[in-house]
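My questions concern the predicted model and sequence given below.
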Protein chains: 2
Amino acid sequence: MAKTTLQLDRFLPYRLSVVTNRISGALSRHYADRFGIGIPEWRVIANLGRTPGLTANDVVERSAMDKVTVSRAVAALEHKGLLSRERDAGDKRKSRLTLSAKGQTVYAEIAPLALGFERDLLTVLTADEAAQLDRIIDKLNGKMDSL
Amino acid sequence: MAKTTLQLDRFLPYRLSVVTNRISGALSRHYADRFGIGIPEWRVIANLGRTPGLTANDVVERSAMDKVTVSRAVAALEHKGLLSRERDAGDKRKSRLTLSAKGQTVYAEIAPLALGFERDLLTVLTADEAAQLDRIIDKLNGKMDSL
DNA sequence: GCATATTAGTTACAATTGAAACTAAATTCA
DNA sequence: TGAATTTAGTTTCAATTGTAACTAATATGC
């Protein structure tokens, strides 16, 4: 018996959107003020923190952010001295991005904060539910790939 | 053994954000062009379609949207002739909102589209997983309430 | 080899958004 | 009562965002 009436508060895309925005907002409040960094900048840092030498486009692909957003975040981070670009020798359109010492410090301070937030969030789920959620997200992403 | 390294593609808030944005984007592409309607306007319509006579503030409470966003969406919809306001007799600060015939038509066309999208999305999940996801979202929302 | 197309990244511009300040009506309480 | 507070909704303003158009470099095809 499929749904025939649209009830927004039972509509999955909507429910996901609401809870996700609440979570993202709460998380970013943890670091935005303290470090003067917005969500896109933080995501660039997080990517480079783990994988130095990515290009802006690599970050776009990994983060599902818009390339304009990434471009601006990278420019802002460079301006703040948190990362540096180095033109790729083989392909001069690309720049390899790496966190500066300062950028690494910020990464080293925010990362545990973020992990702590996640850990706290996960306290409301059983281990099994957390694992399920992971699988479910993967499946939904797979579906979106094919769409 | 808790995580000690932040791996963005295993970080729940991030994973949720990516998949949710992909879903919201794909969905809104289904109706945005065809009907010239943005997400906030669509949400107002969806609420009024099911429950006519809501005030703008009722919509705010139900939709977790900002009241400015709702105010503007209502103004736009009125301008397009999709809804009408009627000042509440008892409390003149409020306006009762109802979809016009045209607005109801839009609702009647988009709602099945949205439900079809959701149904298609859910094909990748088992019934059990879909139920789990629902419960999990509720739990996460509960956590965010208390935060 | 060179014209054409694609890719990396940026810039310009317009639309969306939310915080803060505001208006007008209703409620509280002293 | 009537002054002070709260509530519904709007407006102003500045920040964020994405689309489209652009530059520069590389890859492709004839």
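That came in fine, so what should we check first? Keep in mind it's a predicted model, so treat the numbers as computed, not measured.

quick one: contacts of the helix or strand containing A:Glu118?
For A:Glu118, the element it lies in under DSSP states H and E is helix A:101-122. Outside helix A:101-122, the residues that touch it by CB atoms under 8 Å, 6 or more residues apart in numbering or on different chains are A:23, A:26-27, A:30-31, A:35, A:37, A:42, A:45-46, A:48-49, A:77, A:81-83, A:99, A:130, B:2-6, B:11-13, B:140, B:143. Placement of C-beta: from N, CA and C, glycine included.

Figure out how far the longest helix seen in chain A is from the centre of its chain.
Longest among the helix segments of chain A by residue count, using DSSP state H, is helix A:12-35. Distance of helix A:12-35 from its chain centroid, counting by CA atoms, centre = their mean, to the nearest Å, is 11 Å.

tell me the angle of it relative to helix B:101-122?
80 degrees (axes from the mean of the first three to the mean of the last three CA atoms, to 10 degrees).

ok, helix A:12-35 near DNA strand D or not?
No. Applying CB under 7 Å from any atom of the strand, one finds helix A:12-35 separated from DNA strand D by no less than 8.7 Å.

Same question for that helix: list its buried residues.
Across helix A:12-35, burial judged by 16 or more other CB atoms under 10 Å in any protein chain shown covers A:12-24, A:27-28, A:31, A:35.

what's the next secondary structure element after that helix?
Downstream of helix A:12-35, the next assigned helix or strand under DSSP H and E is helix A:39-50.

And for A:Gly53, the neighbour number?
Using other CB atoms under 10 Å in any protein chain shown, the number of residues around A:Gly53 comes to 11.

next one: A:Thr126
Neighbours of A:Thr126 under the rule other CB under 10 Å: 11.

mind checking how far it is from DNA strand C?
Remark: distance between A:Thr126 and DNA strand C (CB to the nearest atom of the strand, to the nearest Å) = 32 Å.

ok, now A:Asp145?
18 Å.

Can you get me a residue count around that residue?
A:Asp145 is flanked by 8 other residues according to other CB under 10 Å.

Tell me which residues touch it, please.
Applying CB under 8 Å, 6+ apart, no residues contact A:Asp145.

if I look at it, how far off is A:Phe117?
To A:Phe117, A:Asp145 is 28 Å away according to CB to CB, to the nearest Å.

orientation of the next helix or strand after the helix holding A:Glu118 relative to helix A:101-122 in degrees?
Under the assignment DSSP H and E, the closest C-terminal helix or strand after helix A:101-122 is helix A:127-145. Angle, helix A:127-145 to helix A:101-122, by the same axes, to 10 degrees: 120 degrees.

Say whether DNA strand C is contacted by the longest helix of chain A.
No. Using CB under 7 Å from any atom of the strand, helix A:12-35 stays clear of DNA strand C, coming no nearer than 7.9 Å.

list the contacts for A:Arg38?
Actually, residue A:38 is Gly rather than Arg. Counting by CB under 8 Å, 6+ apart, A:Gly38 touches A:Ser28, A:Ala32, A:Ala73.

Going by distance to DNA strand C, which of the residues you listed wins?
Ranked by distance to DNA strand C (CB to the nearest atom of the strand), the contacts of A:Gly38 are led by A:Ala73 at 9.0 Å.

just checking, the closest one is part of a helix?
Yes. Using DSSP: H, G, I helix; E, B strand; the rest coil, the assignment for A:Ala73 is a helix.

Verify the stated contact: it with A:Glu41.
Yes. Shown here, A:Ala73 and A:Glu41 form a contact pair, counting by CB atoms under 8 Å, at 4.6 Å.

Could you check how many residues crowd around A:Gly36?
A:Gly36: 11 neighbours (other CB under 10 Å).

Sounds good, over and out.
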